[in-house]
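S.K.: The following block contains a protein sequence and its predicted model.
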2 protein chains.
Amino acid sequence: MARSPTTADPFNAIAESARRELLDAIGEGEATVSELVDRVGLTQPQVSKHLGVLRAVDLVLVRVEGRHRWYRVNAPALKPIHDWVQSFERAWNIRLDRLDDLLGELQQEQEKGK
Amino acid sequence: MARSPTTADPFNAIAESARRELLDAIGEGEATVSELVDRVGLTQPQVSKHLGVLRAVDLVLVRVEGRHRWYRVNAPALKPIHDWVQSFERAWNIRLDRLDDLLGELQQEQEKGK
DNA sequence: TTGATATATTCCGATATCAACATATATTGC
DNA sequence: GCAATATATGTTGATATCGGAATATATCAA
């Protein structure tokens, strides 16, 4: 067996930085393939193929208009990633809290020493 | 060129579901390799190799104790993923808000119709 | 020391990836 | 219909992956 296909799920799809950059480049609105080529600096076939992967996992949606294709981010498709990562968020917040506590204590010590 | 190494960054490391399951299986505390073998149902070499990848990107930290190795999740290493995904969170919240609005309107219509 | 336990590493074969380049498929305007 | 534009698809070669099986390394226990 080999590595999971990039089209298996959003986790695999966004592993490639070029695809994350494409999603960033699309941003809030819509973008055309050639606009993305200009923004991201990849060749047109590269952009089309990466968009194909993003399409396969529903991370982007397309609206066809003549010979243009308007791509937009389908943010909810990122939710599985969001949810999975968030299950660890408490863990690192606790650590940051502890760091805050520690810094607080150090400051108090400093105050005392003054 | 081929796909980025799994050890390139946390995005690539967590693309593999086995590694996400390992992180889940470790959970809040610490776990030993053989505990993880039992919990996740992979072979020992598989677990060790996946842990090796997670180690390479700092997603897990190890404490050696005799012939045991206690692994724990290094949650802050997930922050880049959290941050990137969060930059799209507004987008999908807006959509959910709109959905709420829509549902609200539909309810009002229903109320009217009554 | 010897054997057992815990974990890591190596080798293999199959597979999917990715960039690059070439080419195919629409669609528009003349 | 024909050229031009916008986008998608196919081919090739290099590479890294993954599971499986075997094996290496280290530590404990008797």
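M.R.: Received the coordinates, thanks. Numbers count the residues shown, from 1 in each chain, chains lettered A, B, ... in the order given.
S.K.: For stretch A:37-45, buried residues please.
M.R.: Along stretch A:37-45, these residues count as buried under the neighbour rule (16 or more other Cβ atoms under 10 Å in any protein chain shown): A:37, A:39-40, A:42. Using the backbone N, CA and C atoms, a C-beta is placed for each residue, glycine as well.
S.K.: Including secondary structure, distance to DNA strand C and pLDDT, could those residues go into TSV?
M.R.: Below are the buried residues of stretch A:37-45 laid out as TSV (DSSP: H, G, I helix; E, B strand; the rest coil; distance: Cβ to the nearest atom of the strand, whole Å; pLDDT from 0 to 100):
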residue	secondary structure	distance to DNA strand C	pLDDT
A:Val37	helix	12	97
A:Arg39	helix	15	97
A:Val40	helix	11	97
A:Leu42	coil	7	97
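S.K.: out of these, what pair is the most spread apart?
M.R.: Spanning the widest gap among the buried residues of stretch A:37-45 are A:Arg39 and A:Leu42, at 9.4 Å by Cβ to Cβ.
S.K.: Low-confidence regions, chain A specifically.
M.R.: Applying pLDDT under 70 to chain A flags residues A:92-101, A:104-105, A:107-114.
S.K.: swap the cut-off to 90 and go again
M.R.: For chain A, the stretches flagged by pLDDT under 90 are A:1-2, A:89-114.
S.K.: near DNA strand C, which residues of it show up?
M.R.: A:1-3, A:5-7, A:15-16, A:18, A:43, A:45-46, A:49-50, A:53, A:64, A:66-67 (Cβ under 7 Å from any atom of the strand).
S.K.: Next step: those residues restricted to helices.
M.R.: Residues of the residues of chain A next to DNA strand C located in helices (DSSP state H): A:18, A:45-46, A:49-50, A:53.
S.K.: mind listing the strands for chain A?
M.R.: A:30-32, A:60-65, A:68-73 (DSSP state E).
S.K.: Just put those in JSON lines and tack on mean neighbour count.
M.R.: Formatted as JSON lines, the strands of chain A follow (neighbours: other Cβ atoms under 10 Å in any protein chain shown):
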{"stretch": "strand A:30-32", "mean neighbour count": "18"}
{"stretch": "strand A:60-65", "mean neighbour count": "13"}
{"stretch": "strand A:68-73", "mean neighbour count": "18"}
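S.K.: so can I have CSV of those showing distance to A:Val85?
M.R.: CSV is the format used below for the strands of chain A (distance: least, Cβ to Cβ, whole Å):
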stretch, distance to A:Val85
strand A:30-32, 26
strand A:60-65, 20
strand A:68-73, 18
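S.K.: how about JSON lines for those strands, with distance to chain B added?
M.R.: Below are those laid out as JSON lines (distance: least, Cβ to the nearest Cβ, whole Å):
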{"stretch": "strand A:30-32", "distance to chain B": "13"}
{"stretch": "strand A:60-65", "distance to chain B": "12"}
{"stretch": "strand A:68-73", "distance to chain B": "6"}
